[in-house]
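Chemist: sequence first, predicted model second:
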Amino acid sequence: MRGHVLRRLPSALLILFVASLVIFAVLRLVPGDPATSLAGPDAGPETVAAIRERLGLDDSLPSQYLHWIGGLLTGDLGPSYAIGGQSADLISDGLGATVELTAAALLFVIALGTAFGVLGATARRGWVRAAVRALTTGALAVPPFVTGVLLVLLFAVLLKVLPPGGHVSLLTAPDLAVQYLLLPALCLALPSAAVLGRYLKDGIERALAEDYVRTATAAGVHPRRLLWRHALPNALPPAVTLLGMQTGHLLGGAVLVEAIFAWPGLGQLAEQALTRRDYPVVQDLLLLLVTVFVVVQLITDLVYAWLDPRIRWE
Amino acid sequence: RSAVSETGSAGQEGSAGPRRGGTVSVAINSDFTPSLLFAQSSQSYQHRLIYNTLTRYDDRLTPHPELATSWDYAADGRSITLRLRSDVTFHDGRPFTADDVIFAVKNLQNPARAAQLRSTAAVITGFDKRGDHELVLRLAHRVNNLFDLFEFMIITDRNSVEEALKGTRLNGTGPFKLTKWSPGSGLSFVRNDAYWLKDRPYLDAVEFRVVSQADALVSSLRTGQSQLSFQVPGRNLAVLKDHPDLTITPYDTGAGATYLGVNTTIAPLNDRTVRQALAYAVDRDRLLAQSLGGYGLASAAPWPKSSPAFTETGRTHYTHDPANARQLLKSAGHTRLDLPLLHLALPGDTAVAESLQYDLKQAGVHVTLQPTDPATAQKNLISQKMPALWTMSHGFAQVQPSTLAVSAYPFNEARNTSKFHSAEYTRVVQQAWTSPATGAAAGRLRQEISDILLDEAFIIDLVIRGNVQIAARRLHGVTLNKFSYLDLDHAYLAG
Amino acid sequence: MTASELLEVRGLDVEFTAPDGAAVRAVRDVSFTLRRGETLAVVGESGSGKSTTALALARMLPGTGRIRAGQVLLDGQDLATAGPQELRQVRGARIGMVFQDPMTALNPVLTAGAHLDEALRAHGRGRDKAARRARAAELLDLVGIPDAGARLDDHPHQFSGGQRQRILIAMALAGEPDVLVADEPTTALDATVQDQILTLLGDLNRRTGTALLLITHDMGVVARSCARVLVMYGGTVVEDGPTAEVLTRPRHPYTAGLLAAVPRLSAPSGTRLTGIPGAPPDLARLTEGCAFAARCALAEDRCRTATPPLAPTPAVPGEESGTVRAACWPAAERHEPLPAAPPPVPIDRPRPGAVVLTAEKLGKTYRGRGRRGRTVTALDGVSLTLAAGETLGIVGESGSGKSTLARVLAHAHPSDSGTLRLGGRDVTRPARRELHTVRRSVQMVFQDPYASLNPRMTAGEIIAEPLHAFGIGDRAGRARRVEELLLLVGLEPGAAHRRPRSFSGGQRQRIGIARALAPEPSVLVCDEPVSALDVSVQAQIVGLLTDLQRDLGLALIFIAHDLAVVRQVSHRIAVMHRGRIVETGTADEVCENPADPYTRALLAAAPEPVPAAHLPRPRNTQVPA
Amino acid sequence: MTATAPLPATGKRPRTAPRHPYRAALASARGRTGLVLVALVVLAGLLAPLLAGHSPTDQSSQSLAPLGTPGHPLGTDDLGRDLLARLLYGTRADLGIIVLSVPLGALLGCLFALLAAVHPVLDTAVQRLFDLVLAFPGLILALAVTAILGPGRLPVVLVIALAEIPAFGRLLRGGILVEREREYATAARVGGSSRIRVLTRHILPNAADPLVVQIAVSLTVAVFVEGAMSFLGVGVRPPQPTLGSVLSQSVPYLSDAPHFAAGPLITVTALVLGLSLIAEALNREIRR
Ligand SMILES: Nc1ncnc2c1ncn2[C@@H]1O[C@H](COP(=O)(O)OP(=O)(O)OP(=O)(O)O)[C@@H](O)[C@H]1O
Ligand SMILES: Nc1ncnc2c1ncn2[C@@H]1O[C@H](COP(=O)(O)OP(=O)(O)OP(=O)(O)O)[C@@H](O)[C@H]1O
Ligand SMILES: [Mg+2]
Ligand SMILES: [Mg+2]
């Protein structure tokens, strides 16, 4: 396993390097710059010039890039241009909230996705299958910005059982935090859960048609065990790969959901930093997301190998 | 514990009188930006909680004492003597003195601070300290918007200004101390027990909660999670109107105005007649009703009702008249124009742009919308790279009318986005800014500015928007100053 | 019904619904009984309904299958109408099943131990986990897996095919069933492993008295393992009786045909097998009458109009009457045995010519995945020669490197070492150009007729592919050539427009042969062209290859693991073992006087289909009354 | 030697030549229902100019008219535009986007996958490229692309296509790797076919099956992305309606005027349901 991780390391580093170049280049291609954003709508050229000077935007692009990377390598993510504070602090603040949200959403994805998949594939009653289909279709068809508003209307405004938005850290007050977490996590999770459910349903149906299920049936194994012990473990490995990709989507999709639920996470930070052209924050943040994705891919591979004994790391 | 009852507005209105205690949660749609501390940004609500200003305008723009107790203008208008409160300390305990005022002015003169009133601050060329609490400011020339500056200029601790600009330490003399700024989620304040105004403030604490999404903002108010907000877009206000626990209070001071900007260097918009045609083509009332939820004042001139420059004839100088617009276009030799229109790619701005597009089309002006993200739009705006038409908002009409033309970039006589220049406009603006005239004479000068603005139509004002305050019914005593600094000195939660 | 009758099937009818809605009557009116401790074989060619019958016993029909009529009585309890709960109690506990393909019948993510554990807990055998684990180890040991306790935690892919088959048997035994139904348990395995499995089943039957229902299409297996045999054709039972009787004196013409098509190890090289002409009936459009009538040489008019019942046949000399039943009108009246299968006909074939292909010290090693992957030496210094018009047979157990050799010879893979000469030219590592010309003269027929045809192309396109590649003819010319080739391999020209899916295994193999013949090669490498086929089709294909060689002067390499077939078609035989050729010689010599111990082992393991003088070693003393 | 009857012995589907699996899938009940749903949506889009009584951009002072208002069967939006017209033209715009973007993404993904099949080094490069594209958060990418290119259909199409490249590419690459090891591919090589021909004529058609299913899935995703981009203000240039933009405009009125959102929601649901039914039917048929 260590060998596997080590073998993947060079290409992972390569991705990060290329990603850093792309991020840097794309940001400079986007019109508008931090100085004009900071100057405000009524500023004159001398104000803009003064700010550019202060931020070091007059330097050549390669030197700006090297400055950024150099800072990263020495652990200094640099100051935020437009938002205020240090980029590292902003990101670590948002990271906590985003990790909570993504992790909770992931739990929802797994729980709902498994339920959708299992029920969709095996439910005897037609109406259960119809309901599952309706739910998965709805989850894919209704975009999160509508789902989110509807969830808030229902649970916060009408029923008054959950807060409409905001964030309390799980570390400070877990009981409250969970209530704040529920709606955004659900909203974020629904589309991915539907995708996972479809995938699992397919996998389970396929597995149930396999010869080894017939073998187990012939041995008199109970249908419930056929599903959980024989079919599901075979449907899981590919679903794990999907889940790995969906984690990327969850991180990315957080932009919308965090806005709707006033969730102070990385998505909001990214949007804010991008609209203000806060170069250091956007750069650090995107590179972090790429890193997370690369790591998640690696974990996915390891989990896949763990779930599927035919694959070995050596 | 329930996260709902935790923040819910539990009590009904009981005793009517002021009461100590309680926490007010304010929903804001964008976070505090420390680097914009000295510029007018879209979010300055916390300024007056942490800091004080020298004076404070009332509704008729008469200044009242804050940190300055009294003032005397020299007869030639070239200097002013300020007497300052002597019982004021900063949150860290350091006493407030004249040096802090000197620093505040000099600070605003620094271009890097991007202060809109820098031109006014720059007029102050000399400082004579007479003891710790009296100060004479010498002016390069007479200006008539000095109190705009005093309303705008927050008095910060001169020793920690760099930290303040990073958001790490905000040390002021105001009624609340900032305890924590969590970027992206909000600000927390606690009562300043040593506030110079005795027995104030009533509230124990104030929370600012960042809720960027309009719908989320609405939900936060509806559920009682927040008790106060000024940033619910007009379109979203409808659902709050009948809410039993909330009151909606529009301010008619006009914190901003939606306008249609015209680039006067692009043919045929260099022709005044064409610009006037555009001003007739737009249906301001419909815009107000449909895109802005009915909160605001349809007006062809930039002035809100509270402005000394406001006149009803100015407001209705242009009204919706497509026939007239077509007629004017025809007289200028056009039957159909195709022009781009830039707008911010935000839901509210897009609705305004769509509305304008339709109106203009009725007059034969076919515009292509260019939704643009705010940063790019800003860059185009201040580097004078706007396309033929654009729509945005401007501020500064709520204070002295002359401030508009010297501080609000769209109207700046020397350099504006419309690239409009006229010797006449420059003369009138400079005269209005520096003239000693008062009363009717001043009124005439203001009228001249209005006339030029209306006649030249390089900025076509559409709707004057005021702040709309949505507050919990039991929250009393909330006010805003002219620059939308939230003043909670006398605010209290009843019952 | 006597007390010893354990399982009685009466008038079983099974139907599938084809995707176009038509009813496929896969099993029709099947009746038989199985007593405690009895061994019964079910034989018949592919598609005759053997598996379907077996699956119907435990009500495990796949897809659209359903029992339309009939009873399956297990100790008097009718399983055809039992509820799911009852069925679950029967499955595994009373009827154990072993399925055909050991590669797919085990769950890849569960360990061997987990498989057995599942089977044990399904019927509450073993009180707790530890007890079940101990029992699982015992079972593995019972089926002859060495070091059973340690191997419980291995996953299926870590076992060989034969071992997997044993695990399946162990699973079936876990519930201590009264009946063991084994559906072609050895078809995928080579002779030596097959021998081990059959011995195991026989021992079990003897020791535990478990009744055995063994499905196969291999007559040798029947002769070796079962006391009674049931012959199926077109979904019905056509003959039923003691193995010794049926195999030596078949009553039904189909049985006789089947037996005639079985190659005998004793038959000398250069003889021809007789297949049954025609193809099996379409089960979706059966008409009245005997299903075999269309292919039967002895058919009479009534055979085509009325379905013959399965009735006792008159005794033939030397036998008690009524022990054999057959569903055949003429057989019911005939007292003399059917004419014996004609003795193998020697065919005249030209003498081999000059040497065309020489291989010297070929070596090939497969490297496993990753750095520390296992390496397999598949070819270890193999040398051989092949002359024009000659057939070189290559035999050896599974995994001995036969396919690898074929692939290297046909340039499907390069060899690692050694040299390869074609007509004197060194073609070991040809350049791209040269490779192209080499391929024109060396072609290959692949082992698996299902996998080696592109499912998306029509037969015509597949056969035309080499013509296209070698630029032979224009469009019309190619079409004509495809037609010729189809006729040459015994297919209708109309077949050109159908996709592989709509052909039978034998027909697919013919398409593969037509493809290989298209560029008019001088050498044809045939990798187990008949292993996947049943005997009657096998006879057809072998006959075809022999004819082609005679007519075209081809040099043939014929790979198989069945020595009997190889002997029949080859001039010379090479025996492979672990990547080496351990013995070569003329076909008859190798089979009659094997020099190498491995060759002898191979010969010994091959089951002889018909116990001419000596009847199959009877494992079971109970003979049907 | 024996004569061979044309009848197959394998017992699969003996009589008629097998129908192409895609056709069989579309003929199944599931496939047909899906087809009808998708066809309805497509027709609505295609016939928008005939079915809509109004221009989708004409405004009036009659804002937020309810369902069943004379002249406006689906009511009007906040700017007094006819919702039926906006729905129909919005559907049309979405269809225009997805039929461009998904095939574009599929094509590029497949090209990359083919490239990967050429050499192991290229394979690694292409794989890392896919990882890179996947690693960027989609909506951030959308914001950046639109900021660079300016608003309009092009960035929407590009963003969707970009997001689809790895989906198709990975799928096809996996398929090629599997199919390449199949016996028929070796057989084709031994039969003398060139590498290119083996890849394009033999391997591709067999590796393409999952792609067909993926197309149906991707079309759904494309509608989803369009909606999200509209919501972020980086979608198609207003006032041109799209399903996503109508929906995002309706959000402030969800509690007061729910009919505003109903039209697009129902349309998208029908499309998603239809496509997933088709995908399911194809899946089943291909698996047979
Ligand atoms: N799932 C199914 N759907 C439709 N028809 C089927 C199905 N399974 C089997 N059949 C049909 O039933 C008939 C008998 O098939 P069965 O598998 O019992 O044959 P078999 O004798 O076991 O052949 P083999 O030796 O090839 O295993 C075949 O003609 C086949 O077409
Ligand atoms: N592509 C491959 N990669 C790794 N090992 C392989 C590969 N192909 C074959 N082998 C191994 O090489 C050995 C010889 O295999 P080969 O297929 O030549 O045997 P065979 O005699 O044809 O067997 P069978 O009778 O089962 O067809 C086996 O141990 C097999 O596992
Ligand atoms: Mg079978
Ligand atoms: Mg082989």
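Modeler: Thanks, I have the structure now. Fair warning: this is a prediction, and the values are worked out from it, not measured in the lab. Ligands and ions are numbered 1, 2, ... in the order given.

Chemist: check residue 278 and give its pLDDT.
Modeler: With no chain named, the answer covers chain A. Looking at A:Asp278, its pLDDT is 88.

Chemist: try again with chain C
Modeler: On the pLDDT scale, C:Gly278 gets 76.

Chemist: give me the neighbour count for the residue lying closest to it once chain neighbours are set aside.
Modeler: In space, and not counting its chain neighbours, C:Gly278 is closest to C:Arg295: 3.7 Å by Cβ to Cβ, 6 or more residues apart in numbering or on different chains. Where C-beta positions appear, they are placed from N, C-alpha and C, glycine not excepted. Counted with other Cβ atoms under 10 Å in any protein chain shown, residues neighbouring C:Arg295 total 19.

Chemist: and if you look at A:Leu6?
Modeler: Residues lying near A:Leu6 (other Cβ under 10 Å) number 9.

Chemist: for the helix or strand hosting it, which positions count as buried?
Modeler: Under the criterion of DSSP states H and E, A:Leu6 resides in helix A:2-29. Across helix A:2-29, burial judged by 16 or more other Cβ atoms under 10 Å in any protein chain shown covers A:His4, A:Ala12, A:Ile15, A:Leu16, A:Ala19, A:Ser20, A:Val22, A:Ile23, A:Phe24, A:Val26, A:Leu27.

Chemist: who are the packing partners of the helix or strand of chain C with the lowest mean pLDDT?
Modeler: The weakest-scoring helix or strand in chain C, judged by mean pLDDT, DSSP states H and E, is strand C:345-346 (a mean of 75). Counting contacts by 3 or more Cβ pairs under 8 Å, 6 or more residues apart in numbering or on different chains; DSSP states H and E, strand C:345-346 packs against strand C:271-272.

Chemist: tell me the strands beside the least confident helix or strand of chain C, with direction?
Modeler: If you go by DSSP bridges, strand C:345-346 pairs up with strand C:271-272 (antiparallel).

Chemist: show the subsequent helix or strand relative to the partner strand.
Modeler: Reading on from strand C:271-272 to the C-terminus, the next helix or strand found by DSSP H and E is helix C:301-305.

Chemist: now find how far off-centre the helix or strand following that following helix is within its chain.
Modeler: Using DSSP H and E, the next helix or strand after helix C:301-305 towards the C-terminus is strand C:311-312. In terms of Cα atoms, centre = their mean, to the nearest Å, the gap separating the centre of strand C:311-312 from the centre of its chain is 30 Å.

Chemist: and what of stretch B:228-236?
Modeler: With Cα atoms, centre = their mean, you get 15 Å for stretch B:228-236.

Chemist: can you tell if it touches chain D?
Modeler: Yes - Stretch B:228-236 reaches chain D (Cβ under 8 Å from any Cβ of the partner chain) through B:Pro233, B:Arg235, B:Asn236.

Chemist: with only the CA atoms kept, save that stretch in CSV.
Modeler: Extracted C-alpha coordinates of stretch B:228-236, given in CSV (Å, rounded to 0.1, in the frame of the first residue of the first chain):
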residue,chain,number,x,y,z
LEU,B,228,-32.6,43.8,11.5
SER,B,229,-31.5,44.2,7.9
PHE,B,230,-31.2,46.9,5.3
GLN,B,231,-30.3,44.8,2.3
VAL,B,232,-33.3,42.9,1.3
PRO,B,233,-33.8,43.6,-2.5
GLY,B,234,-37.1,45.2,-3.3
ARG,B,235,-38.3,42.2,-5.2
ASN,B,236,-37.9,40.1,-2.2
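
Chemist: so is it next to chain A?
Modeler: No - residues of stretch B:228-236 are not located near chain A by Cβ under 8 Å from any Cβ, the shortest gap being 11.1 Å.

Chemist: from the buried residues of helix A:2-29, which single one is nearest chain B?
Modeler: When the buried residues of helix A:2-29 are compared for distance to chain B (Cβ to the nearest Cβ), A:Leu27 wins out at 11.2 Å.
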